[in-house]
Every structure is written in C-alpha cells, then in structure tokens.
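In: got a sequence here, can you model it:
(chains A and B)
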Amino acid sequence: MAFQQISEIGKSASIQWRVIYALLMREILTRYGRHNIGFLWLFVEPMLFTTGVTILWSLAKSAHGSSLPIVAFALTGYSSVLLWRNMPARCIGAIEPNLALMYHRNVRVIDIFLARVLLEAGGATVSFIVLSLFYIYIGWLDPPEDVLTVVGGWLLLGWFGAALGMLLGALAERSELVERLWHPISYIMFPLSGAAFMVDALPPGVRDYALYVPMVNGVEIVRKGYFGDHIRVHYDLPYLLWFCIALSVLALTQVALINRQITPE
Amino acid sequence: MINVDHVHKVYPTRQGDRVVLNDISFTLERGEKVGILGRNGAGKSTLVRLVSGAEQPTSGNITRNMSVSWPIAFGGAFQTALTGFDNVRFISRIYNQNYAQNIDFVEEFTELGLYLREPVRSYSQGMRARLAFAISMIIEFDCYLIDEVSAVGDARFHEKCAIELFQKRADRAMLIISHDVEYVRHHCSRFAVLHEGDMRFYPDFDQAYDQHMVNLHS
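Out: Numbers count the residues shown, from 1 in each chain, chains lettered A, B, ... in the order given. Got it, this is the predicted structure:
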C-alpha cells in the first residue's frame, strides 16, 4: 500500500517535472526567441544591470559605511535585488499569456509560476556566479571566504523571492492593484533591502528594525559568506526562515484558490 | 468510463453569479459516442472543459477511468506566439511523446509546409484548425472531446478529420459538440440537449433534435 502510494507520487512528480520543463522551454522561446544571442539574454541582461550599477556606485564612491571595496559591495547587493525582485515581476500577469496552454489538464497555475520562478532564479544566479568569477579573475574581488554560507544566504533570498512571486502572481489574478502597486513598492524596497547598506553601519537603535525586512537578513548572510571576518554582519536566521515558511504557505493556498477559478481561453 | 456526478458550474458576472451548468450527471462508457446539442452560450464548451479537467466544477465530481483528450477545438490548446513546430514540441514534452515522429505526422496532415516555422499568430482560421487537429491526433486517448472541429476548414480537411477520428479511432469514446446537427446525428449513438443549465438525454436523435429546435426558437 505504502509502496503504491510512493509510486503514485513518483508518477505525479515526473508529470509535473515534464510540464515545468515544457513551460520553461516555451518561456525561453517566447521571451528570447531565436534572434541574435537568444536565451543567453537570460544571464546577460542581469549581468549588464549589475555591471552598470557597479560602475555607477564605483564612480559615485557611494558611502556604504564599511571598508569593503565598492565592487564587492555592489555585486553582492545588486545581485540579491535582482534575485528577489525579478521573480515577483515575472509571476505577476504570468497566467494570462498561458491560458491557452491550460487546456491541458496537467498544466496548472503552480507549474506556470514555478517555470518562471526557476527561469528568473537561474538567470540571476548564473549572472551572480559569472560576474563573481570575472571580477575575481581580473582582481577586483577576493574569492568568497565561505562559499557554503554564500549559497545558503542566496538560497534563502531565492526562496523568499519565489514565495513572494507566487503569492503576488496569484493575488494579481484577483486584482489589478497588485500589478500597479508592485512597481512603486519594489522600487522603494530597493534601498531598504540591504543592497545599498550594511546593517552594521546603521545606528544601533535602527538595526533591529532593519532586520524586520526579510531581504536584509538574506543579503547580510551572503555578505558574511563573501567577506567573513572582515565585516560585522547582523541577521536573524529563525526570523527569515519563519517568514519564508509563512509566505510559502500563504502563497500555496492562494495559488490553489486561483487554480480553481481559472477558465482556459 | 467517465463519471460526471452532480456537477454545477457558476461564473461570476457583473450582474451577479450566473449558473451555467445546474446539477449535471451522466456517464460515458468506453467506446460510446455522445452528441450534445444546444444553443449558443448554453454551456456546451464549458461542459467539455470540465470533463477534460482543464477547468474545475464549482461543485460536484468528475472521475476519469480512461485517458481523456483536451478539448479539441479549432482554437486554444496552443500558444500563438510560438511557431507550429514549437507547439508540437511543447505538447510532445507534456505528454512524453517522441517529437521527431510527431513532426512528420503534423507536416503530412496539415500540409502547412513552411508555415510550420512561423508563429501560429500569423495563421488563418483554417490553418489553425488544421494544426490544432493534427496536434490532437498525435497523442492516443481512450476518449476524445470534440468541440466544433467541423466549423472551419475546407472539405478536404473535413474528410481527413473524419478518417482520423471515425475510421482509425472508431473504437474510442467521444463527446461531440457541434451546431452541425447532421454531423452529430451521423457520428453519435446517444444524444443530449443542453438548455438553461439542464442536460437531458434522449433515446434517439429525432427527439433530441425536436427539443433542440424548440429551444432554438423559444
């Protein structure tokens, strides 16, 4: 009996993976097409963004309140922003262009979101890795002190972005307000997200409040992994974990709800 | 067997909720061919989408003990920004099928030639119908849900469709919707009329047809 259940779950998982893979390929084709460098834009676009910001911040010598080289600061900060901000941006309005594909019973709302989330996370991650390697190679950056901590912080940020993306994607189906408001909110959250400051540089009274912003914790962990003992970081891991869990549960319930209301084109 | 058990479907509209299907129950056995008649907007396509599992009923249950196709209509089921070939690829991936074999079949059946490398958006209605039908013949199902395939396309296309569906797949179950009453009469063995949310079955075509005519002119 238990074996049967496991094989049922295995079958469902393989169907779901097939669907997500098919949607992923479809997404790549419609977004990047077969012109010029095609789907390489997936990584090149965030790389251009990050490089641009790195150059701007270097020129402006922005005060970030630590002794870190500005390149390292910009790379870790802006890559993190791309990670959590692009997933919601792509999940909002994701269902409408895919409505025709929902004629196929196995194509569900969650698959559409997961495909987009994976694509965005993949793009941001490859961009982060390639730029890191490149900056290390040309000597602008020292290799990370503790790669695993960087990976951990990055995964947590990705989890947060994915859950937020699916939640907003589902809510956007109910109200256009979500789409209208997300742009200004994500813009305002950028400077507050920890990308442009170190928590240690804040006045002690403000630090605790800054840690209520979930992304701040993630970025601090990434930087801890990158720079080790050269900097002092502040973060609240249990808070970030609980926040991600709660957000995921909320997102999944909303996605399930929306799934029942969808009318294929 | 497909079992539709006390299914209701309600759509929210600006004027409040609208009941499209009201307590519908029936079964479709293997190999059985059921034709559904009804006016425009009677809920025929909604019913087919519910049976296919693409859409969920507001209440009630639908169980499928055989493999069921997606609603085979002249639109839908593919992405218009993609090329014909890319759509074949997508569907092959979803249903775990060999892409190369499918391409050959689609090329031969649709006779669309170079157009298969162009976005579906640029196709005419008739070309879309050919592609949609060919794609739905790629995968073998126990039950096909057919929503107005005969509404577009030329005589040659209709002949090819008839061969694929009613000769090569004569042993399969089918749920057929069409405004072409002759098409329904010719291909089905059981008949139902959908009107104002109710679905009634009739033992023979003539009774169903008479009721359909009454509904049309009421």
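
In: only C-alpha atoms from now on, for both contacts and neighbour counts.
Out: Fine.

In: who are the neighbours in contact with the residue in chain B that chain A sits nearest to?
Out: Nearest to chain A, among the residues of chain B, is B:Ala54, at 4.5 Å (Cα to the nearest Cα). B:Ala54 sits next to A:102-106, A:263-264, B:70 when contact means Cα atoms under 8 Å, 6 or more residues apart in numbering or on different chains.

In: same question, A:Val216
Out: A:Val216 touches A:192-195, A:199, A:210, A:235, counting by Cα under 8 Å, 6+ apart.

In: what's the answer for A:Arg90, then?
Out: A:116-117, A:120, A:165 are the contacts of A:Arg90 under Cα under 8 Å, 6+ apart.

In: take those and keep only those in strands.
Out: Of the positions in the contacts of A:Arg90, not one sits in strands, assigned by DSSP state E.

In: looking at the residues you listed, spot the one nearest A:Ser248.
Out: A:Gly165 (9.8 Å; Cα to Cα).

In: and that closest one, how far is that from chain B?
Out: The gap separating A:Gly165 from chain B is 23 Å, by Cα to the nearest Cα, to the nearest Å.

In: what residues does chain A put near chain B?
Out: Residues of chain A found near chain B (Cα under 8 Å from any Cα of the partner chain) are A:15, A:18-19, A:21-23, A:25-26, A:29-30, A:98, A:100-106, A:260-265.

In: who touches stretch B:122-134?
Out: B:72-78, B:84, B:105-106, B:109-110, B:112, B:115, B:120, B:149, B:152-154, B:157, B:161.

In: buried ones among the residues you listed?
Out: For the contacts of stretch B:122-134, a burial check counting by 16 or more other Cα atoms under 10 Å in any protein chain shown picks out B:72-78, B:84, B:106, B:109-110, B:112, B:115, B:120, B:149, B:152-153, B:157, B:161.

In: dihedrals phi and psi, residue 37?
Out: You didn't pick a chain, so chain A it is. Phi and psi for A:Ile37, reported as degrees, to the nearest 10, are phi -90, psi 10.

In: my question was about chain B
Out: Main-chain torsions, B:Leu37, degrees, to the nearest 10: phi -110, psi 150.

In: ok, the one 5 residues further on next?
Out: Backbone torsions for B:Ala42, taken as degrees, to the nearest 10, come to phi -80, psi -10.

In: report how many residues lie close to the closest residue to it other than its chain neighbours.
Out: For B:Ala42, ignoring the flanking residues on the chain, the nearest one in space by Cα to Cα, 6 or more residues apart in numbering or on different chains is B:His195 at 5.6 Å. Neighbours of B:His195 under the rule other Cα atoms under 10 Å in any protein chain shown: 23.

In: just grab the bridge partners of B:His195 for me.
Out: B:Asp198 (DSSP bridges).

In: could you pull up the residues touching it?
Out: Contacts of B:His195 (Cα under 8 Å, 6+ apart): B:38-39, B:42, B:215.

In: just send the contacts of A:Arg90 back as JSON lines, with pLDDT and neighbour count too.
Out: Formatted as JSON lines, these follow (pLDDT from 0 to 100; neighbours: other Cα atoms under 10 Å in any protein chain shown):
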{"residue": "A:Arg116", "pLDDT": "95", "neighbour count": "27"}
{"residue": "A:Val117", "pLDDT": "96", "neighbour count": "28"}
{"residue": "A:Glu120", "pLDDT": "93", "neighbour count": "28"}
{"residue": "A:Gly165", "pLDDT": "96", "neighbour count": "27"}
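
In: tell me the two of those that are most distant?
Out: Every pair of the contacts of A:Arg90 checked by Cα to Cα; the farthest is A:Glu120 and A:Gly165, at 10.5 Å.

In: quick check: neighbours shared by the two?
Out: Common neighbours of A:Glu120 and A:Gly165 (Cα under 8 Å, 6+ apart) are A:87, A:90.

In: what about the residue nearest the centre of chain B, which SS state?
Out: Centroid-nearest residue in chain B: B:Ile146, 2.4 Å away (criterion: Cα atoms, centre = their mean). Assigned by DSSP: H, G, I helix; E, B strand; the rest coil, the conformation of B:Ile146 is strand.

In: export the contacts of B:Ala54 to TSV and tack on distance to A:Thr50?
Out: Putting those into TSV (distance: Cα to Cα, whole Å) gives the following:
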residue	distance to A:Thr50
A:Met102	36
A:Tyr103	39
A:His104	39
A:Arg105	40
A:Asn106	37
A:Thr263	39
A:Pro264	38
B:Trp70	44
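
In: among those residues, which are in helices?
Out: Secondary structure assignment (DSSP state H) places none of those within helices.

In: show the end-to-end separation of stretch A:167-187, please.
Out: 18 Å (Cα to Cα, to the nearest Å).

In: list the contacts of that stretch.
Out: A:85, A:88-89, A:91-95, A:113, A:247-248, A:250-252, A:254-255, A:258.

In: in which helix or strand does B:Val34 reside?
Out: Counting by DSSP states H and E, the element that carries B:Val34 is strand B:33-38.

In: partners of that strand in the sheet?
Out: Here, using DSSP bridges, strand B:33-38 pairs with strand B:173-177 (parallel), strand B:190-195 (parallel).

In: just put the ones you listed in JSON lines and tack on mean pLDDT.
Out: Below are the strands paired with strand B:33-38 laid out as JSON lines (pLDDT from 0 to 100):
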{"stretch": "strand B:173-177", "mean pLDDT": "92"}
{"stretch": "strand B:190-195", "mean pLDDT": "91"}
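
In: figure out which of the ones you listed is closest to A:Asp229.
Out: strand B:173-177 (69.2 Å).

In: show me what the helix or strand following the closest one is packed up against.
Out: Later in the chain than strand B:173-177, the nearest helix or strand by DSSP H and E is helix B:181-187. When contacts are defined as 3 or more Cα pairs under 8 Å, 6 or more residues apart in numbering or on different chains; DSSP states H and E, helix B:181-187 sits against strand B:33-38.
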